[in-house]
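Undergrad: no letters, just coordinates:
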């Protein structure tokens, strides 16, 4: 039982790393690249070529599409639950389960048509505007991200139907997350 | 005797047991909620006029949001259904194929990850505590000094913080016990924390203003500049209000403690406290100067400020897990960016559906037929936003209303830059208003802790009363913005020459 749990945790950590590490790296690369370009342009009259295009057509899609998956994994997608809070656990399970299935169908559609668009971009060898910077590759992020989200939503539906819903509001969940961060921060400090 | 009583069967209650009643009620709420969604879906495919299809789409979206569907999907689903009902498969396919990439591959909104990263890095670096301490040392002597210090520390923190929840948590945790210990009225102490974050989303760097700029398609730089003066005004007005309250009712603000703080704090302490908050004015100044002078674009200002924040965090946390702090901030940035951009895809799909149904122009024509001028329309919107704020959070409120209002704003000659400031401020008020004001609930959760409340009983009602004490000033500020739009428009006009 514990080994299953441990292997699940390993998979979970691996999934987190696969999604978040590339996005974090690109975020930092973008930060340095854009700053360097601004400084070189302003004070040395020698900007880095195609900074705007690379930021727009490469960095942003990578951060955003990987961010979609990361937000879903961490339950960060923005939601409100005014009526939902009035429902007891039994009905919450049905509502959320049903919604996750519908959500899976929608993002599966986005993945499918996103794939068509990516194939089209590849066929025409899409570039960033009129520059020679190739820009068709990031189009594949749409089917990738939405494909993964389809699985995430289906798993969420399965989980909700099987285990029910945590009996806490979104506000409580958000506060608990902050409290958890603070506690882990404090415990790390006390260890040191 | 006890056993006898225990063994005796409980008298049968009259009518069905409470759990069954609650169950029946909840199932009826469940049925009504899903019934509305189903009815709207069916209705959209009936031979109705396009405006009715748009209206059904809006109702369906609200029902989905309230049933906890993520806001992005709650907008995407009715939009796709509406587009299908209006124009058939082809438009739905092209929307699903092109829109996600088009909405994410954007230069103007590339400032969003930079601002979020900067805020989270500074939070992890521990800037919050330092700013609070500095504010107390400098302002502890004025009437209501602890509350004034909390208010101004909040303004500074919220402007650079990516997490208003985190900021409120920290301010409430540190500020409320100190104020209560100093003899402050509990509602005064709580109110000061509640309003502390209000100017934050107006003073650059403001993520909400950038998101608004993306929705309204206005340039990001001038939009950020439009928030500067109103943000400062909000901080100043609440400071004046706190001082006035403390002078009128000295018992509310622990007058004796004020004198103690005044006598204990030396000028050396005050100046020393400034050393640990130097990144705050530097970063805000860098962004305002960079954008105002035209030296940097908004993204470049954000990127350089984020880089500086990274260095500050690594240095300040050098003996306390610097890389862990940076990694935590970076990971949180990625998921926040994902959540925002997923919602922006939903907004764009909704806007496309709204335009096709003619509901946006229909609303504009309705306003025109009502002979509403700029002032009366904005007063109406003030009420609408206050009502919306009672059950919606700021971001959903913004993304739901702005696409519908843009044609009307243009017809009434209302500056889109100005409206961004107004809408974001109204959104900020939503964070504290019942029944879903997230910050009020967070503060309530914190003040339940005996270490925070110092043995005083503080109810959720007290928290909402505290928010209500400060609401009139928020309304005065809103009216000032409406009657003197130059407060927001002068700086961007000056920037554009």
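TA: Looks like it came in fine. Source: prediction; values computed, not measured.
Undergrad: and the one residue in chain A that gets nearest to chain B, what pLDDT?
TA: At 2.4 Å from chain B, residue A:67 is the closest residue in chain A, using CB to the nearest CB. Quick note: C-beta positions are derived from backbone N, CA and C, even for glycine. Residue A:67 is assigned a predicted lDDT (pLDDT) of 95.
Undergrad: quick check: closest non-adjacent residue to it.
TA: Excluding the flanking residues, the one nearest residue A:67 by CB to CB, 6 or more residues apart in numbering or on different chains is residue B:338, at 2.4 Å.
Undergrad: follow-up on the earlier one: how close does the residue of chain A closest to chain B get to residue B:341?
TA: Relative to residue B:341, residue A:67 is positioned 7 Å away (CB to CB, to the nearest Å).
Undergrad: same thing with residue B:254?
TA: 46 Å.
Undergrad: circling back: which other helices and strands contact whichever strand or helix holds the residue of chain A closest to chain B?
TA: Element membership for residue A:67 (DSSP states H and E) is helix A:60-73. Counting contacts by 3 or more CB pairs under 8 Å, 6 or more residues apart in numbering or on different chains; DSSP states H and E, helix A:60-73 packs against helix A:2-44, helix A:141-163, helix B:89-104, helix B:322-357.
Undergrad: go through the ones you listed and pick out the most buried.
TA: helix B:322-357 (a mean of 23; mean count of other CB atoms under 10 Å in any protein chain shown).
Undergrad: any idea which helix or strand comes after that one?
TA: Assigned by DSSP H and E, the successor of helix B:322-357 is helix B:359-369.
Undergrad: what comes up buried for that following helix?
TA: B:359-360, B:362-364, B:367 (16 or more other CB atoms under 10 Å in any protein chain shown).
Undergrad: just the residues contacting that helix, thanks.
TA: Helix B:359-369 is contacted from outside by B:50-51, B:54-55, B:58, B:354, B:377, B:403-408, B:411-412, using CB atoms under 8 Å, 6 or more residues apart in numbering or on different chains.
Undergrad: which one of the buried residues of helix B:359-369 is nearest chain A?
TA: For those, the minimum distance to chain A (CB to the nearest CB) is 22.0 Å, reached by residue B:359.
Undergrad: let me know whether my guess that residue B:142 is in a helix holds.
TA: No: under DSSP: H, G, I helix; E, B strand; the rest coil, residue B:142 falls outside any helix and is assigned coil.
Undergrad: do I have it right that it meets residue B:244?
TA: No: Residue B:142 is not in contact with residue B:244 according to CB atoms under 8 Å; the separation is 11.4 Å.
Undergrad: which of the two has more residues huddled nearby?
TA: residue B:142 (20 against 13; other CB atoms under 10 Å in any protein chain shown).
Undergrad: excluding chain neighbours, what is closest to the more buried one?
TA: Closest to residue B:142 by CB to CB, 6+ apart is residue B:148, at 5.7 Å.
Undergrad: so who does residue A:163 touch?
TA: Shown in contact with residue A:163 (CB under 8 Å, 6+ apart): no residues.
Undergrad: and the pLDDT at it?
TA: pLDDT, residue A:163: 79.
Undergrad: now residue A:187
TA: For residue A:187, pLDDT reads 45.
Undergrad: over to the one 4 residues further on?
TA: Per-residue pLDDT puts residue A:191 at 36.
Undergrad: same check, this time on residue B:2
TA: Looking at residue B:2, its pLDDT reads 36.
Undergrad: all good on my end, thank you.
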